[in-house]
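>>> Generate coordinates for the sequence data below:
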Amino acid sequence: MAAVNLAAQVTGDGPPLVILHGLFGSARNWSSIARRLGDIRQVHALDLRNHGASPWAERMTYADMAEDVAAYIEGQQLAPADLLGHSMGGKAAMVLALTRPELIGRLIVVDIAPVASRGDGFSGIVQALQGVDPATAQRRTEVDQWLADAIPEAGLRAFLLQNLVSDDGHLRWRLNLDAIAANMPALTGFPDQAAARYSGPTTFLAGELSDYLRPRDEPAIHRLFPAARLLEIGQAGHWPHAEQPERFVELVRQALA
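Residues are numbered from 1 along each chain as shown. Purely as a prediction, here's the structure:
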């Protein structure tokens, strides 16, 4: 399947740093971090397929997403680019580094491991979003109220509601929810990369309070990324860049130095 042309937000000046968001996210979620890193890097925050302003596609494997990012890096003549990915974007970043290492300089993976994710709260989120028709709402607060029973965490709902856009006064999701639901087994898994290695400088940043990246994952990490180091961000869960931005930026700067 052909790569899709990814939408991008570009800021700053310096060697290129490509940022890949997580599931239900977008480049816009990374605007603040991109600005903070803009003094040392030209930051390219991308919308992955079926997210943000990027095109929709039925297929959404990590190989597909890695191919999209490779096409962007090559099309913009950024190689070798440093690459930072969070959660789903971290898995896409890992697959790209393992399959096209010549495109990547440094790799930073945020709160995800190269293994199948444990548990699946994501399918419930997709079902909740599919269960509301935002076009029938007069305002965003209505959609928020409709989601409250299925998604009680106000912070998570606020994050998801960033995917509401208005077309001629009618709200709609800018997520391809049907494709995300259909590809959920691939998204929560991790493709077999038994023969692949990425030996470039690699940093894994884990949220102390998150279960997505733990010391138990180190054997899988070092098998695929022999130069990797694993660092923990205290008092942070699965979104350390939002929960502890100062410490996050400090560690990213160190990883890029």
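
>>> Which element, helix or strand, includes the closest residue to Pro215 other than its chain neighbours?
Leaving aside its chain neighbours, Pro215 sits nearest to Leu230 (7.4 Å; criterion: Cβ to Cβ, 6 or more residues apart in numbering). For the C-beta atoms, the positions are set from N, CA and C on the backbone; glycine is no exception. Leu230 is located in strand 228-233, with elements delineated by DSSP states H and E.

>>> Go ahead and produce CSV holding the CA coordinates of stretch 184-192.
In CSV, the C-alpha atoms belonging to stretch 184-192 read as follows (Å, rounded to 0.1, in the frame of the first residue of the first chain):
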residue,chain,number,x,y,z
MET,A,184,-6.8,-2.2,17.0
PRO,A,185,-5.1,-5.7,17.2
ALA,A,186,-2.1,-4.4,15.2
LEU,A,187,-2.0,-1.1,17.2
THR,A,188,-1.9,-2.8,20.6
GLY,A,189,0.6,-5.4,19.3
PHE,A,190,4.1,-5.1,18.0
PRO,A,191,5.4,-6.7,14.8
ASP,A,192,7.9,-9.4,14.9
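
>>> starting at the chain centroid, how far to that stretch?
The chain centroid and the centroid of stretch 184-192 are separated by 14 Å under Cα atoms, centre = their mean, to the nearest Å.

>>> Can you give me the buried ones in that stretch?
If you call a residue buried by 16 or more other Cβ atoms under 10 Å, then stretch 184-192 has these buried ones: 184, 186-188, 190-191.

>>> which helices and strands sit right next to the strand holding Leu230?
Using 3 or more Cβ pairs under 8 Å, 6 or more residues apart in numbering; DSSP states H and E, the elements in contact with strand 228-233 are strand 202-207, helix 218-224, helix 245-256.

>>> Neighbouring strands - and their directions - for the shortest one?
Taking DSSP bridges as the criterion, strand 202-207 pairs within the sheet with strand 104-110 (parallel), strand 228-233 (parallel).

>>> Please identify the deepest-packed of those strands.
The highest mean neighbour count among the strands paired with strand 202-207 belongs to strand 104-110 (a mean of 24), with neighbours defined as mean count of other Cβ atoms under 10 Å.

>>> Give me the angle between it and helix 245-256.
Relative orientation of strand 104-110 versus helix 245-256 (axes from the mean of the first three to the mean of the last three Cα atoms, to 10 degrees): 150 degrees.

>>> Touching strand 104-110 from outside, list them.
15, 79-87, 90, 93-94, 96-97, 198, 200-205, 213, 225, 240-241, 252, 255-256 (Cβ atoms under 8 Å, 6 or more residues apart in numbering).

>>> what's the answer for stretch 117-136, then?
Stretch 117-136 has contacts (Cβ under 8 Å, 6+ apart) with 23-24, 143, 146-147, 150-151, 156, 160, 164, 170-173, 175, 177-178, 180-181, 184, 187-189, 211-212.

>>> C-alpha coordinates for that stretch, PDB please?
What follows is the C-alpha trace of stretch 117-136 in PDB, where atoms were taken according to Å, rounded to 0.1, in the frame of the first residue of the first chain:
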ATOM      1  CA  SER A 117       0.600  -3.600  25.100                       C
ATOM      2  CA  ARG A 118      -0.800  -5.100  28.300                       C
ATOM      3  CA  GLY A 119      -4.500  -4.700  28.600                       C
ATOM      4  CA  ASP A 120      -6.600  -2.800  26.100                       C
ATOM      5  CA  GLY A 121      -8.400   0.300  27.300                       C
ATOM      6  CA  PHE A 122      -8.300   1.700  23.800                       C
ATOM      7  CA  SER A 123     -11.100  -0.400  22.300                       C
ATOM      8  CA  GLY A 124     -13.400   1.000  24.900                       C
ATOM      9  CA  ILE A 125     -12.400   4.500  24.100                       C
ATOM     10  CA  VAL A 126     -13.000   4.000  20.400                       C
ATOM     11  CA  GLN A 127     -16.400   2.500  21.100                       C
ATOM     12  CA  ALA A 128     -17.300   5.400  23.300                       C
ATOM     13  CA  LEU A 129     -16.300   7.900  20.600                       C
ATOM     14  CA  GLN A 130     -18.200   5.900  17.900                       C
ATOM     15  CA  GLY A 131     -21.200   5.900  20.200                       C
ATOM     16  CA  VAL A 132     -21.800   9.700  20.000                       C
ATOM     17  CA  ASP A 133     -22.700  11.700  16.900                       C
ATOM     18  CA  PRO A 134     -21.100  15.100  17.400                       C
ATOM     19  CA  ALA A 135     -23.000  16.500  14.400                       C
ATOM     20  CA  THR A 136     -26.100  16.500  16.600                       C
END
